[in-house]
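Undergrad: fold the following, please.
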Amino acid sequence: MGESAKKDTSNAPEIGAVMADGTIYAGLSPNTGRPMFAAPADAPLTLNFKAAAKYAKELHIGDKNDFRVPTPEELDVLFHNRDRGALKGTFNTSGNMYTGGMYGTSKDYYHTHIFVQRFLDGQKSANFLRTQAASIRCVR
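TA: You can find the predicted model right below:
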């Protein structure tokens, strides 16, 4: 990326800062280059791919209702910033693939599997069935 194409982040809030609407600034989305804000907590239950999309669509925090399940690249930003500010201690780091230690993304793999990431150590996988339940942290 050329110097002129870089985003100006001089006015960006500090990663982990709580915004007035209750969301948490999580960094720039690598997909859009725009500020990304995370819900302050995971969905209350682990959810499969279809249920996660429905949950995100129905989520309202403050006056915001444009939440979605993160892309694999956005989830990686959340992983790398998981110990910063108000994000610290809010992710499931149990490491257990079947009790929520894996976080789901909005991207499927061959229409039967999804991309997931374990927040204990950052391990990524595409070998997770769309019907399996994963932890979900919505972003906007």
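
Undergrad: can you show me the helices along the chain?
TA: Counting by DSSP state H, one finds helices in the chain at the ranges 49-58, 72-80.

Undergrad: count of neighbours near P72?
TA: With neighbours defined by other Cβ atoms under 10 Å, the count for P72 comes to 20. All C-beta spots, glycine's among them, are computed from the backbone N, C-alpha and C.

Undergrad: let's number from 585 now, not from 1
TA: Sure thing, new numbering starts at 585, so read that last one as P656.

Undergrad: pull the contacting residues for it.
TA: 689, 691, 699, 701, 708 (Cβ atoms under 8 Å, 6 or more residues apart in numbering).

Undergrad: check D626 too.
TA: Here D626 is in contact with 674-676, 684, 719-721 (Cβ under 8 Å, 6+ apart).

Undergrad: now do F699
TA: 656, 659, 689, 691-693, 708-710, 712.

Undergrad: nearest to E598 among those residues?
TA: Distances from E598 to the contacts of F699, taken as Cβ to Cβ, are shortest for L659 (20.6 Å).

Undergrad: so what's that closest one up against?
TA: Here L659 is in contact with 687, 689, 699, 701, 721 (criterion: Cβ under 8 Å, 6+ apart).

Undergrad: 7 Å instead?
TA: 687, 689, 701 (Cβ atoms under 7 Å, 6 or more residues apart in numbering).

Undergrad: you'd agree the second one is up against P654?
TA: Yes: using Cβ atoms under 7 Å, T689 makes contact with P654 at a distance of 5.9 Å.

Undergrad: could I get the helices of the chain as TSV with distance to N649?
TA: Formatted as TSV, the helices of the chain follow (distance: least, Cβ to Cβ, whole Å):
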stretch	distance to N649
helix 633-642	8
helix 656-664	18
